[in-house]
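Chemist: With the input below, show me the fold.
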Amino acid sequence: MAETSHQVYPMAPPANNYVAPSKSDVESATLQSEELRRKKKMKYLTYGVAFVVFQTIVIVVFSLTVMKVKSPKFRVRSGTLENLTVGTANSPTFSMRFIGQLGVKNTNFGPFKYDNTTITFAYRGTPVGELTIRKSKANLLSTKKIDVSTQLSFSSSSNEEWSNDINSGVLPLTSSSKLKGKVTLMFIMKKKKSTNMNCTMELVVATQAIRNLRCS
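Modeler: Here you go, the predicted model:
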């Protein structure tokens, strides 16, 4: 009897072509996942540090500008004379009407409320008149303007510098005062502040004008 032959055929690969990952592939994927998580953490950390630095800068700037209380400035802004009469070189006298404008400059981020004060005008150290300023306030970042008028007069039996001044036609005058008050910040914080007025000016007899007005 003839022998029956059987042909052997190779097995076909799986239909989905699945290949099991190697150990190195698994380790590589794990490392990539950890690297992504690390980068995310670093990103969030960078954002956090940047936010803290930004907040710190804002607080420092706020403290150095808004919350810093400065002394206001109290000045004579301008002035004119009326009815000026003067004596002679041998008769040291003068009389005049001073009309001017004062200014309280407040550079703070809150109003400056000030008390009553008195301004003293003097010729060569001798008081020649006074001016009373009523209490009021200068708003934040603004200048309070005050219109004033007062009578100034001087009389002396002798003055060593009078003859030189009257011959030159120029009389030196000073104004001085101290203004006290409080600066209010954020509607709750109040800080006492004071400012001094120290102004010098020259009165021109011929034109009855004020020149070289300077305040420090």
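Chemist: give me phi/psi at the closest residue in space to residue 93 that isn't next to it in sequence?
Modeler: Computed as Cβ to Cβ, 6 or more residues apart in numbering, the closest residue to residue 93 that is not its neighbour in sequence is residue 87, at 3.8 Å. Any C-beta I mention is one placed from the backbone N, CA and C, and that applies to glycine too. The phi/psi pair for residue 87 (degrees, to the nearest 10) reads phi -80, psi -160.
Chemist: give me the number of residues near residue 87?
Modeler: 15 (other Cβ atoms under 10 Å).
Chemist: Kindly report the same for residue 138.
Modeler: Other residues close to residue 138 by other Cβ under 10 Å number 26.
Chemist: That one against residue 105, yeah?
Modeler: Yes - contact criterion Cβ atoms under 8 Å: residue 138 and residue 105 qualify, at 7.2 Å.
Chemist: Which residues are in contact with each of those two?
Modeler: Counting by Cβ atoms under 8 Å, 6 or more residues apart in numbering, the residues touching both residue 138 and residue 105 are 72, 144.
Chemist: Next one: the residue nearest to residue 93 from residue 95, what distance?
Modeler: When distance is defined by Cβ to Cβ, to the nearest Å, residue 87 is 9 Å away from residue 95.
Chemist: so after the helix or strand bottoming out on mean pLDDT in the chain, what's the next helix or strand?
Modeler: For the chain, using mean pLDDT, DSSP states H and E, the weakest element among its helices and strands is helix 23-64, scoring a mean of 68. Note on helix 23-64: by DSSP states H and E, the next helix or strand toward the C-terminus is strand 73-86.
Chemist: Alright, calling it a day.
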